[in-house]
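Novice: predicted structure and sequence below. I'll ask about it afterward.
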Amino acid sequence: MLLHIPDILDKAQVRAMRDSLDQGAWTDGRETVGHQGAKVKRNLQLPDASPLRAELGRIVLDALARNPTYHAATLPLRTLTPRFNRYEGGGQYGFHIDGAVMSLPGGEQLRSDVSCTLFLAEPEEYDGGELIISDTYGEHEVKLPAGDIIVYPSSSLHRVAPVTRGARVAAFFWVQSLIRDDGKRRLLFDLDASIQALAQGNADAQALLQLTGVYHNLLRQWAET
Ligand SMILES: O=C(O)CCC(=O)C(=O)O
Ligand SMILES: [Fe+2]
């Protein structure tokens, strides 16, 4: 499921983040990628150990925790502290698939089920820089307003087109979901949306109770912790 969720951060939060990031100590993004990715990756990132990454990553995680749509779509078990990247002067990231298993601090590991990009530059600030995601339905070009996020299955082939004017700044990270399978996660997301819509109207309370039970019992059947 490819899902655009608007307004994870408001414009004031984006502005404050950009003020810090525009002064940031950026380094070569190839430091956090495997052999295959290094051949096609040309961008800048905040180093993993950077205090600024930790500080801004925490703000992003707090904002995500307040967003019910993000929660329903990803059903997060573990989340990588967001990283921050910057593409400019022709910077790009060629087609690749994200690594399946990542290390978390404290020796824990994360299986990447869901990939996320939170845009931190407005589309008018730069040319190019589309996130292009290839799936069984074709290629999808994504370029979102600052503060919005795209979530997509980590199994997808994707790339970032060259940035030919200005700079594209984003936060990106991965989620291990309670629900590993993208199709099952989508079913639960749709079911949750229907339940929310019925709850807003004057649906029969008994039927709503039963449907809510179905949601939780499916989640119980499928969740892996
Ligand atoms: O910058 C983006 O939108 C995605 C970055 C990416 O694909 C990656 O770092 O693996
Ligand atoms: Fe990627």
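Specialist: Ah, there it is. Ligands and ions are numbered 1, 2, ... in the order given.
Novice: for whichever residue of the chain sits closest to ligand 1, what are phi and psi?
Specialist: Taking Cβ to the nearest ligand atom, ligand 1 has its nearest neighbour within the chain at residue 117, 3.6 Å off. C-beta: built from backbone N, CA, C; applies to glycine. Note on residue 117: backbone dihedrals following degrees, to the nearest 10 are phi -120, psi 120.
Novice: give the contact list for it.
Specialist: The neighbourhood of residue 117, defined by Cβ atoms under 8 Å, 6 or more residues apart in numbering, consists of 131, 142, 149-150, 170-172.
Novice: where's residue 132, which helix or strand?
Specialist: Assigned by DSSP states H and E, residue 132 belongs to strand 131-135.
Novice: report the angle between the next helix or strand after that strand and strand 131-135.
Specialist: Next helix or strand after strand 131-135 toward the C-terminus (DSSP H and E): strand 138-142. Angle, strand 138-142 to strand 131-135, by axes from the mean of the first three to the mean of the last three Cα atoms, to 10 degrees: 160 degrees.
Novice: tell me the secondary structure at the residue most central in space within the chain.
Specialist: The centre of the chain sits closest to residue 116, judged by Cα atoms, centre = their mean, with a distance of 1.3 Å. With DSSP: H, G, I helix; E, B strand; the rest coil as the basis, the three-state label of residue 116 is strand.
Novice: which phi and psi does the nearest residue to it once chain neighbours are set aside have?
Specialist: Among residues not flanking residue 116 along the chain, residue 151 sits closest, at 5.0 Å (Cβ to Cβ, 6 or more residues apart in numbering). Torsion angles at residue 151 (phi, psi; degrees, to the nearest 10) stand at phi -120, psi 140.
Novice: ok, residue 151 - contacts?
Specialist: Contact partners of residue 151, counting by Cβ under 8 Å, 6+ apart, are 1-3, 5, 70, 73-74, 114-116, 175.
Novice: do residue 127 as well
Specialist: Residues near residue 127 by Cβ under 8 Å, 6+ apart: 163-166.
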